[in-house]
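1. Sequence first, predicted model second:
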Amino acid sequence: MREYSLDEVATRAGVDAAYVQRLVELGILTRGKGDVFSAGDVPRVRLVKTLDQAGVPLEGRDGAGRLVALRADLDALSTTDEKAVA
């Protein structure tokens, strides 16, 4: 499985590293063992950025809570995507 640093995820997703760090702090993204991210985190960041730009709140009980709940669905999608790429 491909792993990326925070900076690599940010670059691949087209966002600043500070944005990825903010998603980690909100619990929307989680780092794996060795302080790395999975290949599936890149499209997750892109999706969250799109939701953010559309006005979906990332912070607070309603915003981050919904996105954290959505994470399980995104995990399932990324597992499928990672198998297709491998």
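-> Cool, got the structure. Numbering: from 1, shown residues only.
2. Any regions of this protein where pLDDT drops low?
-> The model of the chain has pLDDT under 70 over residues 60-86.
3. just the strands in this structure please.
-> All strands of the chain, identified by DSSP state E, fall at 3-4, 37-38.
4. What is the first one packed up against?
-> Where contact means 3 or more CB pairs under 8 Å, 6 or more residues apart in numbering; DSSP states H and E, strand 3-4 is packed against strand 37-38. From N, CA and C alone the C-beta is placed, and that goes for glycine too.
5. quick revisit: okay, the strands of the chain, which one's buried deepest?
-> strand 37-38 (a mean of 22; mean count of other CB atoms under 10 Å).
6. residues in contact with that strand?
-> 1-6, 8-9, 20, 29, 31-32, 78, 82 (CB atoms under 8 Å, 6 or more residues apart in numbering).
7. quick one on the thing from earlier: dump the strands of the chain into JSON lines; add distance to Val15 as well.
-> Output for the strands of the chain, formatted as JSON lines (distance: least, CB to CB, whole Å):
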{"stretch": "strand 3-4", "distance to Val15": "13"}
{"stretch": "strand 37-38", "distance to Val15": "13"}
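8. picking up where we left off before, show me how to select, in PyMOL, the buried members of the contacts of strand 37-38.
-> This is the PyMOL syntax for the buried subset of the contacts of strand 37-38, where burial follows 16 or more other CB atoms under 10 Å:
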select buried, resi 3+4+6+8+9+20+29+78
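9. can I get the contacts of strand 37-38 in CSV with distance to Pro57?
-> Converted to CSV, the contacts of strand 37-38 look like this (distance: CB to CB, whole Å):
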residue, distance to Pro57
Met1, 31
Arg2, 31
Glu3, 30
Tyr4, 27
Ser5, 28
Leu6, 23
Glu8, 27
Val9, 22
Val20, 18
Leu29, 17
Arg31, 23
Gly32, 27
Ser78, 23
Glu82, 29
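10. Sort out which one of the contacts of strand 37-38 lies nearest Lys49 for me.
-> For the contacts of strand 37-38, the residue nearest Lys49 by CB to CB is Val20; the value is 9.8 Å.
11. which residues sit in contact with that closest one?
-> By CB under 8 Å, 6+ apart, the neighbours of Val20 are 6, 9-10, 13, 29, 37, 45.
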